[in-house]
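Trainee: Kindly return the folded structure for what I paste below:
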Amino acid sequence: MTIDYKKAGVDVEAGYEAVRLMKQYVKTTYNDSVLGDIGSFGGFYALGDKPDSPVMVAGTDGVGTKLRYAFAAGRHDTIGIDCVAMCVNDIACHGAKPLIFLDYIALSKLEPEKVASIVKGVSEGCRTAGCALIGGETAEMPGFYGKDEYDIAGFSCGIVNKDKVINGKNIKVGDILIGLRSSGIHSNGYSLVRKLFDPEDRSLFEYDSELDAKPIDILLTPTRIYVKTVLNLIEKVEIKGIAHITGGGFIENIPRILPEGIAAKIDRSSYEVPKIFRVLQKRAEIEDEKMYNTFNMGIGMVLATAPENADKAVDILKELGEEPVLLGSCVSGSGVIL
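Mentor: Got it, this is the predicted structure:
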């Protein structure tokens, strides 16, 4: 039986409608220092009105139902990495350096060792991103969460000069799209994943020949943090736009950086989709487009640059330890062409 994201319980269209409805209230809080609108990867607040004035870029996110696998495995020291990654990668999309991070952990019963393990992961993520964990909140909520369950969310704030903000507005037809590889599923699409790999199934802890690994190890692989790669790259070559491939996959996230009238044409032969996504697609029995509208499909970041800068960008990325993918190009149209 075919299982897609909506059948798994996630209504993407309802999410779009919620954003549309909330905008009228959100905008009542804006002042002249707020730049942009809802829909960017981060929120912008200018600290001055000069062209090179600093701009705060903030982002907040959680880990979602990937937590179910952490509960099942009793592994809590990598979930914090995911939480940091989801926030700081969004900030880096705009060329900002993340400065600070705060976490929020809510659980049914406060177990000091478990909380310390979670925060160990948060700290590792912050060190990787080069930001400081300056505080947080731990909320004990008896009777609200199930036994041994918890949730985690994070908030990060970074900074970039106004004239250095990356927002995709100068992307044009002919520009090249470069992909940075993901470490796996990252932290999105798990409501569907859980329908295909039951967190309570003990076979998750046994070798799976189809995956050539224990499924639990694949499913709990932490989200990659791209901050240092991105910040190093943009110091040396002009990058016009950066998309973090999270919920909604290629289909929803790449268009967020594209000007009106520009589409992203993806060359799917440019890289090999990791095994986990092929297995998920086989089990879900869904078409390619729904996969690219749910998962990152092995690409965690997409960068747009001018054709004359593409080779230089690829060379720099290789020097930084990446395996960049010449993923496609920008063409006339709209959305993503697979």
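Trainee: could you pull out the helices for the stretch 201-338 of the chain?
Mentor: With helices called from DSSP state H, counting those that start in this stretch, the stretch 201-338 of the chain shows them at 215-219, 227-234, 249-253, 275-284, 288-292, 307-319.
Trainee: just checking, what packs against the fourth one?
Mentor: So that's helix 275-284. Here helix 275-284 touches helix 190-196, helix 288-292, going by 3 or more C-beta pairs under 8 Å, 6 or more residues apart in numbering; DSSP states H and E. In this view, the C-beta of every residue, glycine as well, is placed from N, C-alpha and C.
Trainee: what about it, average pLDDT?
Mentor: The pLDDT scores in helix 275-284 average 97.
Trainee: again with the longest one
Mentor: For helix 307-319, mean pLDDT is 98.
Trainee: tell me which residues in it are buried?
Mentor: 309-310, 313-314, 316-317 (16 or more other C-beta atoms under 10 Å).
Trainee: quick one: low-confidence parts of the stretch 151-300 of the chain?
Mentor: Along the stretch 151-300 of the chain, no part satisfies pLDDT under 70.
Trainee: Which parts of it are strands?
Mentor: 176-181, 241-244, 262-266, 299-305 (DSSP state E, counting those that start in this stretch).
Trainee: and Glu206, what is it in contact with?
Mentor: Under the criterion of C-beta atoms under 8 Å, 6 or more residues apart in numbering, the contact list for Glu206 reads Lys214.
Trainee: Pull up the gap between it and Ala213, please.
Mentor: 10 Å (C-beta to C-beta, to the nearest Å).
Trainee: JSON lines please, covering the strands of the stretch 151-300 of the chain and showing mean neighbour count.
Mentor: Formatted as JSON lines, the strands of the stretch 151-300 of the chain follow (neighbours: other C-beta atoms under 10 Å):
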{"stretch": "strand 176-181", "mean neighbour count": "23"}
{"stretch": "strand 241-244", "mean neighbour count": "26"}
{"stretch": "strand 262-266", "mean neighbour count": "21"}
{"stretch": "strand 299-305", "mean neighbour count": "26"}
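Trainee: ok so, going back, how about the helices of the stretch 201-338 of the chain in TSV, adding distance to Arg194?
Mentor: Formatted as TSV, the helices of the stretch 201-338 of the chain follow (distance: least, C-beta to C-beta, whole Å):
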stretch	distance to Arg194
helix 215-219	9
helix 227-234	29
helix 249-253	17
helix 275-284	11
helix 288-292	16
helix 307-319	33
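Trainee: Quickly compare the ones you listed and say which is most buried.
Mentor: Of the helices of the stretch 201-338 of the chain, the one with the most neighbours on average (mean count of other C-beta atoms under 10 Å) is helix 249-253, at a mean of 23.
Trainee: just checking, Ile166 touches Ala243?
Mentor: No - applying C-beta atoms under 8 Å as the test, Ile166 and Ala243 come out as separate, 10.5 Å apart.
Trainee: and for the two, which residues touch both?
Mentor: Cys93.
Trainee: Can you list the buried residues in the helix or strand containing Glu113?
Mentor: Here Glu113, judged by DSSP states H and E, is contained in helix 112-129. Within helix 112-129, the residues that qualify as buried are 114-115, 117-119, 121-126, 128-129, counting by 16+ other C-beta under 10 Å.
Trainee: With stretch 156-171 instead?
Mentor: For stretch 156-171, a neighbour-count test (16+ other C-beta under 10 Å) marks 156-158, 160, 162, 165-168, 171 as buried.
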